[in-house]
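Asks: Just a sequence and a predicted model for now, questions to come.
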Amino acid sequence: MPYVAAAALIAVGSVALVYATVDAGDTALASSAGAGSPQPLSSTGRLAYWRQSPSGAFVLWASNLDGSKARPLTTLAANTSRPFGTRWTGNGGAVAFVTDLGIAVVNLDGTRTDIPVPGQVRNAGFRLVDQRWSPSGRRVAATLQRSTDGKTDLWMGSLDRRDLVAAGVFGNAFFGDWLSDDEVLVESDTGVLGSLREPGQSLRKVVDMAAASPFFDGSRVFFLAGSVGPTITASGIFVTNPIVWSVRPDGADARREGRIEVLGSLRLDGIWPDGRYLMHNGADQTQFIVGPRSTSLASSSLLRRAVVSADRRFAIGLGGSRIVRIDLTRGLSPAENAFVVLLDGVISADAWVPRSPLR
């Protein structure tokens, strides 16, 4: 990646594995989670991840952000499709994942609700690639994409109705973060960045400039302004040689943020505690910390996403099959010894922390 120093390499031999891989799906699971009613999970951060048992079954686990108090939530039979797209709902009270038929939502007590994708949409080749949950965890905004031509379709649903409704026609568009329980961000390959309240309504433009890749930190919408596209992946829309801007959710007080000192096709994922940005580039599936003293979170662990804890003392890095703890008390440009593997051999993991502004 141009102008990015790969300063956060993790040597394979130096990574400490502090939580051993466990076999999931057997009767030993129940006893490993502890007898009686499980203790409540922390309100400051949680993990969700899948493990596959020797018999081939897929078991969904939930735990605290440090891996403690892990308990199984549900099990899928060995002949079930491999689960993916795992996401905590907005309030951290349930875990949603993508099934062959739509979205399944599993509460911490193991009860399940299914929200199907209409059959005609599945038959047309559309596959759910992203789901975004409102802060209350009641509403969902789903982005579907067709593999043959990359065309996207937007749908909205709720746990109350248990169905998905077409959101409208916005070109190739993706849902972003929810601004509130009533309004969700939408980015389009035409450079329109707006928000939507209900299916069938028009977008409310958040900014007048060509923009994409929004991220809501709880008080301001950060986004990339520049030449939108042509890079579009299942993750969303990328912007070429962008400038970072931010605006209030109502569209007021637009301001240009600091320089990112990076060229290329980029996507904004979040903000690091020191004000630098978490980003992807169009040619890579791993995440970077971009800004002055830019570093890479790629390393041998191939971290694709980082989530900062509520107290800003550590971050959770999510890779293809690993969950890594990044110690931020040793500095915000992490050295090798700041990375510790919490869990290995996991499938489709996600981390949740309460949404609050980082700055």
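Replies: In hand now; what should we look at? Here the structure is a predicted model, which means the values were calculated and not measured.
Asks: Now for the protein, the helix or strand with the poorest mean pLDDT.
Replies: strand 16-17 (a mean of 34; mean pLDDT, DSSP states H and E).
Asks: Can you get me the start-to-end distance on stretch 95-106?
Replies: 5 Å (Cα to Cα, to the nearest Å).
Asks: buried ones in that stretch?
Replies: 95, 96, 97, 98, 99, 102, 103, 104, 105, 106 (16 or more other Cβ atoms under 10 Å). Just so you know, the C-beta spots here come from the backbone N, C-alpha and C atoms, and that holds for glycine as well.
Asks: how many neighbours does the residue nearest to residue 279 when sequence neighbours are not counted have?
Replies: The shortest distance from residue 279 to any non-neighbouring residue, by Cβ to Cβ, 6 or more residues apart in numbering, is to residue 290 (4.7 Å). With neighbours defined by other Cβ atoms under 10 Å, the count for residue 290 comes to 27.
Asks: unless I'm mixing things up, residue 290 is touching residue 275, no?
Replies: No - when contacts are counted by Cβ atoms under 8 Å, residue 290 is not listed as touching residue 275 (10.9 Å).
Asks: a helix runs through residue 120, doesn't it?
Replies: Yes - remark: residue 120 belongs to a helix, assigned using DSSP: H, G, I helix; E, B strand; the rest coil.
Asks: Look up how far residue 148 lies from it.
Replies: Counting by Cβ to Cβ, to the nearest Å, the gap from residue 120 to residue 148 is 16 Å.
Asks: Quick one: the helices in the protein, in order.
Replies: Using DSSP state H, the helices of the chain run over 28-32, 119-123.
Asks: and these, which one's lowest on average pLDDT?
Replies: Per-stretch mean pLDDT for these is lowest at helix 28-32 (a mean of 38).
Asks: measure residue 131 to residue 141 for me?
Replies: 7 Å.
Asks: And residue 176, by the same measure?
Replies: For residue 176, the distance to residue 141 - Cβ to Cβ - is 8 Å.
Asks: Find residues that contact each of those two.
Replies: Common contacts of residue 176 and residue 141, defined by Cβ atoms under 8 Å, 6 or more residues apart in numbering, comprise 132, 184.
Asks: ranges for the strands of the stretch 251-359 of the chain?
Replies: Assigned by DSSP state E, counting those that start in this stretch, the strands in the stretch 251-359 of the chain fall at 255-256, 265-271, 277-281, 288-290, 295-296, 305-308, 314-318, 322-327, 339-344, 347-352.
Asks: Partner strands of the last one, with direction?
Replies: Looking at strand 347-352 with DSSP bridges, its paired strands and their directions are strand 46-52 (antiparallel).
Asks: now the angle from the partner strand to strand 314-318?
Replies: With axes from the mean of the first three to the mean of the last three Cα atoms, to 10 degrees applied, the angle from strand 46-52 to strand 314-318 works out at 30 degrees.
Asks: that older thread, farthest pair in the buried residues of stretch 95-106?
Replies: Largest separation among the buried residues of stretch 95-106 by Cβ to Cβ: 95 and 102, giving 15.0 Å.
Asks: Who is residue 153 paired with across the strands?
Replies: Here residue 153, judged by DSSP bridges, has bridge partners residue 144.
Asks: Burial check on it, number of neighbours?
Replies: Applying other Cβ under 10 Å, we find 22 residues neighbouring residue 153.
Asks: quick one: low-confidence parts of the protein?
Replies: Low-confidence segments of the chain (pLDDT under 70): 1-37, 293, 298-301, 357-359.
Asks: ok, 50 please
Replies: Counting by pLDDT under 50, the chain contains low-confidence residues at 1-35, 358-359.
Asks: quick revisit: distance to residue 336 added to the buried residues of stretch 95-106, as TSV?
Replies: Formatted as TSV, those follow (distance: Cβ to Cβ, whole Å):
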residue	distance to residue 336
95	32
96	35
97	33
98	35
99	39
102	42
103	39
104	38
105	38
106	36
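Asks: So which of these are in strands?
Replies: Secondary structure assignment by DSSP state E places 95, 96, 97, 98, 102, 103, 104, 105, 106 of the buried residues of stretch 95-106 in strands.
Asks: quick check, nearest of those to residue 250?
Replies: Of all these, residue 250 sits closest to residue 96, with 28.7 Å by Cβ to Cβ.
Asks: Against residue 151, how distant is residue 44?
Replies: Distance, residue 44 to residue 151, by Cβ to Cβ: 40 Å.
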